[in-house]
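In: Coordinates only, no sequence provided:
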């Protein structure tokens, strides 16, 4: 009997020891929470920009770092986030132990094996690249975050009026090229800055018919890598209309990320003219109404060795003088031209936005045609 009691006592001690050992192991197991996040795209635009990432199957890159800024010393871990069933799931999952804290950086679309300080971007894919900016803090106590994504590229749009042009006006393509125009670059997901690495050209295929007053919707536009700095001479834009190529220098302007720049143009039987100042839209602006600058044509025949155009006034006025000797000149109020030979010349002056006209001297002028003015 004592032998049996001894064995029972030893068994009880062993069970107690195992139980105590299990309790100790459970106490040492770290308690973790799973980090979750939602996304918000900073735009309400109605053009081809991304407005949200709520569709199941959307993917993006999420990087987890220990600091609020990206650095080579603090290399964040990369995760592929996929939206399924109305929520984002990161692979591998992002988990924090008690007392831990980290920062999230995000970029759209998902780029495998990318560096968050140098995400490859290019305009040939016409992707609306998004970046989250400075790191968003999450912790064991507050494991949920909202990633607010912004647009990394800029949009260039071209709204063409059909003025005094007899053709159909079928826009088939827009091409841009020149010194300082990049087609590939590297995007920093914290700053949004893009370092251009490959220069080249881009052609945007179109299928649109010019309208007398320009387009109010579906204006041809395409993404470009910012910053773009045009000196008025280094970049050119070509338009294929009714099978004919028209080339214009891109007006002097600097273009930044997250902005849409819509340049206004006018097509006549003589030429395609691009106006200097674009309309500027933040990417959360809806509507693409083109301001009305009325077109007018003035024809003057004269015999003067030097010709002085009338003086024009008007808001944002622009004019082009076709001198009648094969030369032409853009002007903003008035212009003069010297001729090499004596002969009658017919000057055609195309204007936009003219409100008044003043002709100071009619000497040598044999005819003035106001019928299209």
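Out: Sure, I can see it. Predicted model only: the values in this text are computed from it and were never measured.

In: Not counting its neighbours along the chain, what's nearest the residue nearest to the spatial centre of the chain?
Out: Taking Cα atoms, centre = their mean, the centroid of the chain lies closest to residue 154, which sits 1.9 Å from it. Distance criterion Cβ to Cβ, 6 or more residues apart in numbering; nearest residue to residue 154, sequence neighbours excluded, is residue 226 at 4.5 Å. Backbone N, C-alpha and C define where each C-beta goes, glycine included.

In: swap in residue 151?
Out: residue 258 (4.6 Å).

In: so where's this protein shaky on pLDDT?
Out: By pLDDT under 70, the low-scoring segments of the chain are 1-30, 43-47, 284-293, 315-316.

In: try it again with 80
Out: 1-30, 42-48, 71-75, 282-293, 313-318, 330, 332-333, 353, 360-361 (pLDDT under 80).

In: which residues in it form helices?
Out: 2-28 (DSSP state H).

In: Name the residues of the lengthiest strand in it that are buried.
Out: Longest strand of the chain, by residue count under DSSP state E: strand 170-187. Neighbour counts over strand 170-187 (16 or more other Cβ atoms under 10 Å) mark 171, 174-178, 181-187 as buried.

In: circling back to that earlier point, please report phi then psi for the residue nearest to residue 151.
Out: With angles defined as degrees, to the nearest 10, residue 258 sits at phi 70, psi 10.

In: So what would you say the end-to-end distance of stretch 61-80 is?
Out: 5 Å (Cα to Cα, to the nearest Å).

In: which other residues reach that stretch?
Out: Applying Cβ atoms under 8 Å, 6 or more residues apart in numbering, the set of residues contacting stretch 61-80 from outside is 35, 37, 59, 81, 90-92, 94, 102-114, 116-117, 119, 134-135, 137, 147, 188-190.

In: what do you get if the cut-off is 7 Å, keeping everything else the same?
Out: Stretch 61-80 is contacted from outside by 59, 81, 90-92, 94, 102-107, 110-111, 114, 116-117, 134-135, 190, using Cβ atoms under 7 Å, 6 or more residues apart in numbering.

In: Check these for burial and list the buried ones.
Out: Counted by 16+ other Cβ under 10 Å, the contacts of stretch 61-80 give 59, 81, 90, 94, 102-107, 110-111, 114, 116-117, 135, 190 as buried.

In: Go through these and flag which are in strands.
Out: 59, 81, 90, 102-107.

In: any idea where the strands of the stretch 251-373 of the chain begin and end?
Out: Here the stretch 251-373 of the chain has its strands, by DSSP state E, counting those that start in this stretch, at 253-255, 259-267, 272-274, 279-282, 295-302, 306-308, 311-313, 318-322, 328-331, 336-338, 345-352, 356-358, 365-369.

In: Residue 128: which of the ones you listed is closest?
Out: When the strands of the stretch 251-373 of the chain are compared by Cβ to Cβ, strand 259-267 sits nearest residue 128, at 11.6 Å.
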